[in-house]
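>>> Sequence and computational prediction follow.
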Amino acid sequence: MKCHAAFVYSDELLTYHFHPDHPFNQKRVLMTKELLESSKKIDSSDIIKPRMATDEELELFHDASYVDAVKRAGKGLLSETEGLPYGLGTEDVPIFKDMHEASSLLVGGTLTAVDTVLNENAQHALHLGGGLHHGLKRKASGFCIYNDGAIAIKYIREKYNLKVLYVDTDAHHGDGVQWAFYDDPNVCTFSIHETGRYLFPGTGNVNERGIKAGHGYSFNLPIDAFTQDESFLQVYETALRKIIEFFKPDILVTQNGADAHVFDPLTHLCTTMEVYQKIPQLAHELAHEYTGGKWVALGGGGYDIWRVVPRAWGQIWNVMKYGTPLQGELPEDWLEKWQKEATVGLPKLWEDLPEITPDIPRKQEITEKNETALLNLLKYTKITK
Amino acid sequence: MKVEEIMNRNVVTLGPTATIAEALHLLQENRIRHIPIIDENRSVIGIVSDRDVRDASPSVLVKDSDQAILQSEIQTIMSHPVITVHPLDFVEEIARIFYDEEFASLPVVSDNKLIGIVTEKDMLYTLIQLTGTHVQSSHIEVKVPHKPGILPEVAAVFGRRKMNITSVLIYPYHQDPNYKVLVFRIQTMNPLPVINDLREAGYELMWPNNIPGPKR
């Protein structure tokens, strides 16, 4: 099955750049695009350019005073003490030149993806520059300046009045998006992530379920450090199928952080490419079943930009456009080009070799604990009614 | 942290001659569990809990039960004397009272007048804040010898990286009194540089620890 899908890209997306030593590196997006080009899976007719988000659009979610601070920061007009309350100029979100413009393009890319799908120019759209789920109403956080996911969902609500299911598979809790819709029953958020006991941002407990009219529309599945493919996929698939059956969304928005992989330096989950084949397959299947195909996929975290992210994100496109993930060898020209820059040996195949995951002595306990979290997620919600 | 910083100043109270029915109504309407009973000078002379009121009320299972009991004066069922605290007491001190006693609410009294109330729930919320888990942060545990000067030594590693520390806790290390575990919550999504600094400085990390066992 081949679907009509759009890939949002321009080289300007790479201007979202803090400094060379920062773990958040948008070269991942370029590497993914080139991997797909070398694999002959994408050509110029698939690619659409991101537009700039307007201030009005940013302010669908963010405070005007925060947008103003970001603008001034990018022009060197914000002092250190002025910046800190807004989370600007920290280790996580250092100030860089024209950061407002770079961030607005990133948000615009997500809005471009939304418009493409909702104007029926494509069934699915992928914007790997987006998915910056930690951005708060008036604060930058966790490498995120503007929260493109939250803005795009507000935009969908205002402009199209659709029910949105947001699914976040980043290893970190999708807190910014969750809080943005915590009291909204028309937006259901579901985040699977490494438990916040040790990992940033610390939230995402299974008992965070939303408030007021939105109670029962926030779902969290915190899984234990060192969780591997089997347990991840078992709890994730069960939860997602139940949630989508309960909520029956009009459109699916997914955040596809690729940092739950065993190679990721910032988190402690132990999954492999197996998970990154299955996540888009599941989203694709469920979009066709529930939302008439309407699916917007975003990027997110992912800090092993050499061995993990290009393959993981490439598979989203492969599934979106062709229905199945690729197997076998990666194109030689791509390996040759990027191996020169890479600080580690690049994998040669789309799939991972089984020996990359360590033996986890507590595997059984972890599996059992994750199942308990799943049961708690499914309990005491409107799902059971 | 002092009691006056966490206490609730809007206290629902009753006089000693109010009826049990009034107490029942107030408990349900305000979704609270305790009502201090005060005299005309706002002195606390007793306290009733939802359990006291429930115990005094006729059973819902008994039809045509005697509802007259609900018209009795509240002072007939109130507990007294009442343990109260002062607004300048510390949260740690009231935690001890809650642990030792059977109740979950303490009237706050200053100058012999009721000025607030603090519940077990308020105290737990405050303890959650003291752990720092309510703000975005990453968690690092360092095992250190229990000796003077070790905390500033470790904290300086964070300082050099300009890492904002949200909270610090010091735990005992199992049963070994020669060691302590320092728990830091730091405001960053990328603790890697500081973790490397700590390891290079020779500190033993309890978390993050290395993934156990290489694949055979």
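Everything's here; your move. Numbering: from 1, shown residues only, chains lettered A, B, ... in the order given.
>>> Tell me which helix or strand comes right after the helix or strand hosting residue A:315.
Using DSSP states H and E, residue A:315 sits within helix A:309-322. Where DSSP H and E defines the elements, the next helix or strand beyond helix A:309-322 is helix A:332-339.
>>> Against which helices or strands is that next one packed?
helix A:27-38 (3 or more Cβ pairs under 8 Å, 6 or more residues apart in numbering or on different chains; DSSP states H and E). The way it works is simple: take the backbone N, C-alpha and C, and place the C-beta from them, glycine included.
>>> Mind listing the strands the longest strand anywhere in chain A pairs with, and their directions?
Longest strand in chain A, counting residues (DSSP state E): strand A:187-194. The strands that strand A:187-194 pairs with in its sheet are strand A:164-168 (parallel), strand A:218-223 (parallel) (by DSSP bridges).
>>> Would you mind listing the buried residues in it?
Under the neighbour-count criterion of 16 or more other Cβ atoms under 10 Å in any protein chain shown, strand A:187-194 has A:187-194 buried.
>>> now swap in stretch B:67-78 and tell me
Neighbour-count burial for stretch B:67-78 [16+ other Cβ under 10 Å]: B:70, B:74-75, B:77-78.
>>> Pretty sure residue A:192 sits against residue A:239.
Yes. Here residue A:192 lies in contact with residue A:239, judged by Cβ atoms under 8 Å, at a distance of 7.2 Å.
>>> Next, show the common contact partners of the two.
Common neighbours of residue A:192 and residue A:239 (criterion: Cβ atoms under 8 Å, 6 or more residues apart in numbering or on different chains): residue A:221.
>>> quick one: the strands in chain B?
Under DSSP E, chain B gives strands at B:34-38, B:44-49, B:105-110, B:113-119, B:138-145, B:165-173, B:176-186, B:204-207.
>>> does residue A:123 really touch residue A:294, like I thought?
Yes. Using Cβ under 8 Å, residue A:123 is in contact with residue A:294, at 7.2 Å.
>>> between the two, who's got more neighbours?
Taking other Cβ atoms under 10 Å in any protein chain shown, residue A:123 and residue A:294 do not tie; residue A:294 has more neighbours (25 against 21).
>>> got the contact list for the more buried one?
Residue A:294 neighbours (Cβ under 8 Å, 6+ apart): A:117-118, A:123-124, A:250-252, A:287.
>>> Mean neighbour count for the strands of chain B - can I get that in TSV?
Listed next are those as TSV, based on neighbours: other Cβ atoms under 10 Å in any protein chain shown:
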stretch	mean neighbour count
strand B:34-38	24
strand B:44-49	22
strand B:105-110	22
strand B:113-119	20
strand B:138-145	19
strand B:165-173	15
strand B:176-186	17
strand B:204-207	14
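>>> any idea which residue sits dead centre in chain B?
The residue lying closest to the centre of chain B (Cα atoms, centre = their mean) is residue B:123, at 1.9 Å.
>>> measure that residue to residue B:90 for me?
Distance, residue B:123 to residue B:90, by Cβ to Cβ, to the nearest Å: 11 Å.
>>> How about residue A:253?
Counting by Cβ to Cβ, the gap from residue A:253 to residue B:90 is 47 Å.
>>> same check, this time on residue A:225
Residue A:225 is 35 Å from residue B:90, by Cβ to Cβ.
>>> One more: residue B:13?
25 Å.
>>> So for those two, which sits in the more crowded spot?
Higher neighbour count among residue B:13 and residue B:90: residue B:13, with 16 against 12, using other Cβ under 10 Å.
>>> Quick check: that one touching residue B:39?
No. Look at residue B:13 against residue B:39 with Cβ under 8 Å: they stay out of range, at 10.2 Å.
>>> Sticking with residue A:243, tell me its helix or strand.
Here residue A:243 is assigned to helix A:229-247, by DSSP H and E.
>>> Which strands or helices does that helix pack on?
strand A:164-168, strand A:187-194, strand A:218-223, helix A:273-290, helix A:363-378.
>>> change it to 6 Å
Using 3 or more Cβ pairs under 6 Å, 6 or more residues apart in numbering or on different chains; DSSP states H and E, the elements in contact with helix A:229-247 are strand A:187-194, helix A:273-290, helix A:363-378.
>>> closest to residue A:95 out of the strands of chain B?
strand B:176-186 (20.1 Å; Cβ to Cβ).
>>> Can you get me a residue count around residue A:368?
12.
>>> From residue A:243, how far out is it?
Taken as Cβ to Cβ, the span from residue A:368 to residue A:243 is 22 Å.
>>> Is it correct that residue A:357 is in contact with residue A:270?
Yes. Taking Cβ atoms under 6 Å as the definition, residue A:357 is a contact partner of residue A:270 at 5.4 Å.
>>> what touches both of these two?
Shared contacts of residue A:357 and residue A:270 (Cβ atoms under 6 Å, 6 or more residues apart in numbering or on different chains): residue A:262.
>>> Mind checking which of these two has more residues around it?
residue A:270 (24 against 20).
>>> re the thing from before, average pLDDT for the helix holding residue A:243?
The pLDDT scores in helix A:229-247 average 97.
>>> Buried ones in that helix, by neighbour count?
Buried residues in helix A:229-247 (16+ other Cβ under 10 Å): A:229, A:231-233, A:235-236, A:238-240, A:242-244, A:246-247.
>>> What is the nearest of those residues to residue A:353?
Of all those, residue A:229 has the smallest distance to residue A:353: 13.1 Å, by Cβ to Cβ.
>>> so who does the closest one touch?
A:271-272, A:274-275.
>>> pLDDT and neighbour count added to these, as CSV?
CSV is the format used below for those (pLDDT from 0 to 100; neighbours: other Cβ atoms under 10 Å in any protein chain shown):
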residue, pLDDT, neighbour count
A:271, 97, 31
A:272, 98, 22
A:274, 98, 18
A:275, 98, 22
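>>> Of those residues, which are in range of chain B?
Among those, proximity to chain B is found for none (Cβ under 6 Å from any Cβ of the partner chain).
>>> circling back to that earlier point, quick one: name whatever helix or strand follows the helix holding residue A:243.
Proceeding N to C from helix A:229-247, the next assigned helix or strand is strand A:251-255, under DSSP H and E.
>>> who are the neighbours of that following strand, in terms of helices and strands?
So strand A:251-255, by 3+ Cβ pairs under 6 Å, 6+ apart, packs with strand A:164-168, strand A:295-298.
>>> can you redo the ones you listed as a markdown table with mean neighbour count and mean pLDDT?
Formatted as a markdown table, the helices and strands packed on strand A:251-255 follow (neighbours: other Cβ atoms under 10 Å in any protein chain shown; pLDDT from 0 to 100):
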| stretch | mean neighbour count | mean pLDDT |
| --- | --- | --- |
| strand A:164-168 | 28 | 98 |
| strand A:295-298 | 30 | 98 |
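>>> Relative to residue A:375, which of those is closest?
strand A:164-168 (19.5 Å).
>>> Residues contacting the closest one, please?
Residues contacting strand A:164-168 (Cβ under 6 Å, 6+ apart): A:153, A:156, A:174, A:177, A:187-191, A:247, A:249, A:251-255.
>>> Closest one to chain B out of those, please.
residue A:174 (12.4 Å; Cβ to the nearest Cβ).
>>> quick one: contacts for that closest one?
A:133, A:168, A:191.
>>> And those residues, which is closest to residue A:89?
residue A:133 (21.1 Å).
>>> Grab the nearest non-local neighbour of the closest one.
residue A:174 (4.2 Å; Cβ to Cβ, 6 or more residues apart in numbering or on different chains).
>>> Residue A:73: neighbour count?
Around residue A:73 there are 26 residues (other Cβ under 10 Å).
>>> What segments of chain B are helices?
Assigned by DSSP state H, chain B shows helices spanning B:3-6, B:20-30, B:50-56, B:91-100, B:120-131, B:150-160, B:192-200.
>>> Save these as JSON lines, and put in mean pLDDT and distance to residue B:144 too.
Shown next, in JSON lines, are these (pLDDT from 0 to 100; distance: least, Cβ to Cβ, whole Å):
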{"stretch": "helix B:3-6", "mean pLDDT": "94", "distance to residue B:144": "31"}
{"stretch": "helix B:20-30", "mean pLDDT": "94", "distance to residue B:144": "48"}
{"stretch": "helix B:50-56", "mean pLDDT": "91", "distance to residue B:144": "46"}
{"stretch": "helix B:91-100", "mean pLDDT": "92", "distance to residue B:144": "23"}
{"stretch": "helix B:120-131", "mean pLDDT": "88", "distance to residue B:144": "19"}
{"stretch": "helix B:150-160", "mean pLDDT": "94", "distance to residue B:144": "5"}
{"stretch": "helix B:192-200", "mean pLDDT": "92", "distance to residue B:144": "10"}
